[in-house]
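Visitor: Sequence and computational prediction follow.
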Amino acid sequence: MSGEAAFIDTLRQIAADPAARGLLDDCAVLSLGSETLVLTHDMMVEGVHYLPDQDMADVAWKLVAVNLSDLAAKGAQPLGVLLGFMLGQDDARFADGLAEVLNAYDVPLLGGDTVSGGPPHAFGLTAVGTATHTPVPSRSGTRPGDAVWITGPVGAAMLGLEALRDASGKDSTAYRRPVPLLSAGQALAPIASAMMDVSDGVLLDASRMAEASRVTIAIKTAAVPIATPEDRRSEALRWGEDYQLLFTAPDGVQPPVPAHRIGEVVDRQDSALLLDGKPPNPDERLGYQHGSQK
């Protein structure tokens, strides 16, 4: 067994409950009487998801925001979060940032656990929400003939990391403090045949949606909005952490929020993804995967 995808394949044999959605989604969806709960958990590791000398208030913000982004992709309304915290030297700054982001999105802290350890330090957060529309959008609902959309540009987080790492003085907010698109997700849930947030790169995440739905997604690369100079388009399409919403909807349906049409869904072919009509180069990575050597 090697890498993230292989380990998740192993876990699928264990996660047999329907709420797990076959581990093909970023969230579990659990029906309880008249309510439908949406649950997600994400982690952040020092040196992988944030720089070792980064302001811990920003780390706390990002930890909450990426989990809320998963709820956004399901059209869910947050109910609260549980924190897994590893003690360090800047705990007060982390607490400051945690209070700030929870207040910004009106989300309560419900509990969690603290441990000692590291370096590197690692933090986890579980976010719980309630569905605002059922069926809750998944990655697996898109069908041939659907249009493929994205809510905004990609590549801003890449530029933000570079600005922060190089101390260039340029804006690094997109990397440090991403914005979960909760309102947009709730507006899109009734019309989206499939939806997910872009965390690992729009090309990789589109291929995951296609695999889950057993279709092929054809993307026009020039149609994808980018926040980078044009000569860095390929990088922007493969870089993650922008947390835009990638979704599909029946052809002719106009999204209720600003969005860019970037392609279409076609019958399953040899490749899950087509870029300007051709399968991607197998020697080029599509996005970020833990444990991958590509």
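Guide: Sure thing, it's come through. These numbers come from a predicted model, not from an experiment. Numbering: from 1, shown residues only.
Visitor: Show me where the stretch 51-200 of the chain dips below the pLDDT cut-off.
Guide: In the predicted model of the stretch 51-200 of the chain, no residue satisfies pLDDT under 70.
Visitor: Bridged to the closest residue to P52 other than its chain neighbours, which residues?
Guide: For P52, ignoring the flanking residues on the chain, the nearest one in space by Cβ to Cβ, 6 or more residues apart in numbering is E46 at 5.6 Å. (Glycine included, C-beta is placed from N, CA and C.) Each beta-bridge partner of E46 is listed here, defined by DSSP bridges: Y50.
Visitor: how much space is there between E46 and E241?
Guide: With the distance defined as Cβ to Cβ, to the nearest Å, E46 ends up 16 Å from E241.
Visitor: what's the answer for V154, then?
Guide: As judged by Cβ to Cβ, V154 and E241 stand 9 Å apart.
Visitor: Neighbours of I191, how many?
Guide: 17 (other Cβ atoms under 10 Å).
Visitor: could you pull out the strands for this protein?
Guide: Taking DSSP state E, the strands of the chain run over residues 28-32, 35-45, 76-86, 109-115, 122-131, 147-150, 194-197, 216-219, 245-249, 260-266, 273-275.
Visitor: and the second one, average pLDDT?
Guide: Meaning strand 35-45. Averaging the model's pLDDT scores along strand 35-45 yields 96.
Visitor: Pairing partners for that strand, with directions?
Guide: When pairing is defined by DSSP bridges, strand 35-45 lines up against strand 28-32 (antiparallel), strand 122-131 (antiparallel).
Visitor: So for L63, which of the ones you listed sits nearest?
Guide: Each of these was scored for nearness to L63 using Cβ to Cβ, and the closest is strand 122-131 (5.1 Å).
Visitor: now the angle between strand 109-115 and that closest one, please.
Guide: Direction vectors for strand 122-131 and strand 109-115, defined by axes from the mean of the first three to the mean of the last three Cα atoms, to 10 degrees, enclose an angle of 160 degrees.
Visitor: okay, strand 122-131 in CSV with CA atoms only?
Guide: Extracted C-alpha coordinates of strand 122-131, given in CSV (Å, rounded to 0.1, in the frame of the first residue of the first chain):
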residue,chain,number,x,y,z
ALA,A,122,-0.8,18.7,13.6
PHE,A,123,-4.3,19.8,14.2
GLY,A,124,-7.7,18.3,13.3
LEU,A,125,-11.2,19.7,13.2
THR,A,126,-14.6,18.0,12.8
ALA,A,127,-17.4,20.2,11.5
VAL,A,128,-21.0,19.3,11.8
GLY,A,129,-23.7,20.8,9.7
THR,A,130,-27.3,20.3,8.7
ALA,A,131,-28.5,19.9,5.1
